[in-house]
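# Fold the following for me, if possible:
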Amino acid sequence: MVFGFRQSVMRILTWALLIMMVTLPLARAADHATVIMYHRFGEDWLPSTNTTLEQFDAHLNELATGGYRVLPLSEITAKIIAGEPLPDRAVAITVDDAFISFYEEAWPRLKAYDFPVTLFVATQAIDRELKGYATWDQLRQLQAEGVEFGSQSNSHPHMHTIDLASARQEIEISNQRFVEELGIKPSFFAYPYGEYTPEIRDLMREMGFSAAFGQHSGVMHQTQNPFEFPRFAFNENYGEISRLQLAANALPIPATDILPESMVLENNPPLYGFTVAEDIGPLNRIACFASGMGKVATTVLGQRIEVRLPKAITGTRGRINCTMPYFQNGKETGRWRWLGSQWLPIN
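Numbering: from 1, shown residues only. Okay, here's the model as predicted:
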């Protein structure tokens, strides 16, 4: 699961929110959107995946009163893929894993605000009626009340550790159970733990999904592979209103030729680099931050950005987030551009 970098990024960016509140441009057509994700609600004994009810209430109030447009993930995704305009500061809400706290706590609150939501489900946990998860009957009720559903496979594996035949079977079983229980075949996939390889990514297209979502921070944009769309994740430790404002007001760093292509690191630290669109700048304002390392070295070569870490990424997974201020008419607006990546060290 991916969360922001409190110690490094937030210290540098939070101050801009005060400026942003008085300098935000008027609503206009946009080519991007922010997707936010949650897991549990009010399950305080599991803080790494939980959002407190107080935090969630504050988030919903901010989304309702802060000038955002909360839209269905299906609408946002379709328009981005088709190159059609979206309202500025469009936001989609997603929830992973179908824990019972979504049914009991989050959905009544979302419904009260008339906010659409997409729930990603790994079907095996529901079939086994595991404690702490919703039931198929409850999911049918949610479906009748307007909740969109996406797939998160059958058994919720680390997708980069299984072969393509096993991955295909995961999807086939999951799709079958969705059809049997809900009468639908999901259009969207969320990678468990945000983990995948280029081969797994391409399999999602082959299996008929319209798009797939990771757990790396960033803003949806047409330049991205639709099977690598980003999401900003929230939990107790990374659930401040300032972070939600930062994410919901963010814009993309349109990037191509991103290397390495795979998040599974054969070389660690990675030789990370990307090319930024010609109309984005000034690139000397880009700053990149790595998990446990803070700000790391970047080199600007024309429109190419090369990022070099001082040491190897350790642990189960790591992230690099690159940000830069958003300029309009030559002036900073208080909003930020964002490009995030997730990396999986080979242990």
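
# if I pick Asp202, what's in contact with it?
Shown in contact with Asp202 (CB atoms under 8 Å, 6 or more residues apart in numbering): Phe227. C-beta here means a position set from N, CA and C on the backbone, and glycine is covered the same way.

# Regarding it, what is its secondary structure?
helix (DSSP: H, G, I helix; E, B strand; the rest coil).

# mind checking how far it is from Leu164?
9 Å (CB to CB, to the nearest Å).

# Distance-wise, check the closest residue in space to His39 that isn't next to it in sequence relative to Glu172.
Using CB to CB, 6 or more residues apart in numbering and skipping residues adjacent in sequence, the residue nearest His39 is Thr49, 4.0 Å away. Here Thr49 is placed at a distance of 27 Å from Glu172 (CB to CB).

# If we go by neighbour counts, what in stretch 214-230 is buried?
Across stretch 214-230, burial judged by 16 or more other CB atoms under 10 Å covers 214-221, 224, 226-230.

# Stretch 181-192 now?
181-182, 186-192.

# Closest to Leu339 out of these?
Tyr191 (18.1 Å; CB to CB).

# Could you tell me which ranges of the stretch 201-347 of the chain sit under the pLDDT cut-off?
Low-confidence segments of the stretch 201-347 of the chain (pLDDT under 70): 347.

# where exactly do the strands run in it?
211-213, 220-221, 232-233, 251-252, 255-259, 264-265, 272-276, 287-290, 294-301, 304-308, 318-328, 331-345 (DSSP state E, counting those that start in this stretch).

# could those strands go into JSON lines alongside distance to Glu54?
Below are the strands of the stretch 201-347 of the chain laid out as JSON lines (distance: least, CB to CB, whole Å):
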{"stretch": "strand 211-213", "distance to Glu54": "27"}
{"stretch": "strand 220-221", "distance to Glu54": "28"}
{"stretch": "strand 232-233", "distance to Glu54": "18"}
{"stretch": "strand 251-252", "distance to Glu54": "29"}
{"stretch": "strand 255-259", "distance to Glu54": "36"}
{"stretch": "strand 264-265", "distance to Glu54": "38"}
{"stretch": "strand 272-276", "distance to Glu54": "37"}
{"stretch": "strand 287-290", "distance to Glu54": "28"}
{"stretch": "strand 294-301", "distance to Glu54": "30"}
{"stretch": "strand 304-308", "distance to Glu54": "37"}
{"stretch": "strand 318-328", "distance to Glu54": "26"}
{"stretch": "strand 331-345", "distance to Glu54": "26"}
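
# just to revisit the earlier point, the residue nearest to His39 contacts Met37, doesn't it?
No: applying CB atoms under 8 Å, one finds Thr49 not in contact with Met37, separated by 10.6 Å.

# Comparing the two, which residue is more hemmed in?
Remark: of Thr49 and Met37, Met37 carries more neighbours, 24 against 16, as counted by other CB atoms under 10 Å.

# For the more buried one, which residues are in contact?
With CB under 8 Å, 6+ apart, Met37 has these contacts: 94-96, 190, 213, 215, 231-234.

# With Asn175 instead?
Going by CB under 8 Å, 6+ apart, the list of residues near Asn175 reads 151, 185-186, 207.

# and the residue nearest the centre of the chain, what is it in contact with?
For the chain, the residue nearest the mean C-alpha position is Arg231 (0.8 Å; CA atoms, centre = their mean). With contacts defined as CB under 8 Å, 6+ apart, the neighbours of Arg231 are 2, 35-37, 94, 213-218.
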